[in-house]
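Chemist: Turn this into a model:
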Amino acid sequence: MFARSAVRMARYDVSPHLSKWWKGVRPDDGQVTRHLSPFEQQIVVPWLKTFPKRAYAKFSDSGPYIVVTAIIVYGTAAASDAADAAQDKSYRY
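Modeler: A predicted model of the protein is given here:
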């Protein structure tokens, strides 16, 4: 008899245009069912365990290119310094 005029439970935590979509979802009232304790989180330990293997893999992959490039750069700088020193000595009295 009063079905049309009865006050229905309304959700105020949802936008009005989504109230029909969320009408069947019951809020959990802050109850946590699953969580991860801060004491169980190991952020750095897995990285430390795999660091040597990953460093070796990365160095073996691009290490030769870096070493050859460093040798070329150092050789060019040493040769330039030697040529500059030789030119400075040639202008002496």
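Chemist: Every contact and neighbour count from this point should use C-alpha atoms.
Modeler: Will do.
Chemist: Where does the residue nearest to residue 14 when sequence neighbours are not counted sit: helix, strand or coil?
Modeler: Among residues not flanking residue 14 along the chain, residue 22 sits closest, at 7.4 Å (CA to CA, 6 or more residues apart in numbering). When classified by DSSP: H, G, I helix; E, B strand; the rest coil, residue 22 comes out as coil.
Chemist: burial count for residue 22?
Modeler: Residues within reach of residue 22, counting by other CA atoms under 10 Å, total 14.
Chemist: isn't it right next to residue 16, touching?
Modeler: No. Counting by CA atoms under 8 Å, residue 16 is not a contact partner of residue 22; they are 10.0 Å apart.
Chemist: tell me which element residue 54 is part of?
Modeler: According to DSSP states H and E, residue 54 maps onto helix 45-90.
Chemist: same question for that helix, mean pLDDT?
Modeler: Mean pLDDT, computed over helix 45-90, is 92.
Chemist: Which neighbouring elements make contact with that helix?
Modeler: Using 3 or more CA pairs under 8 Å, 6 or more residues apart in numbering; DSSP states H and E, no helix or strand is in contact with helix 45-90.
Chemist: chain center to it, what's the gap?
Modeler: 27 Å (CA atoms, centre = their mean, to the nearest Å).
Chemist: ditto for stretch 14-33
Modeler: With CA atoms, centre = their mean, you get 33 Å for stretch 14-33.
Chemist: contacting residues around residue 59?
Modeler: By CA atoms under 8 Å, 6 or more residues apart in numbering, residue 59 lies in contact with nothing.
Chemist: For residue 14, the count of nearby residues, please.
Modeler: Residue 14 has 13 neighbouring residues, counting by other CA under 10 Å.
Chemist: Could you do residue 63 as well?
Modeler: Per other CA under 10 Å, the neighbour tally for residue 63 reads 13.
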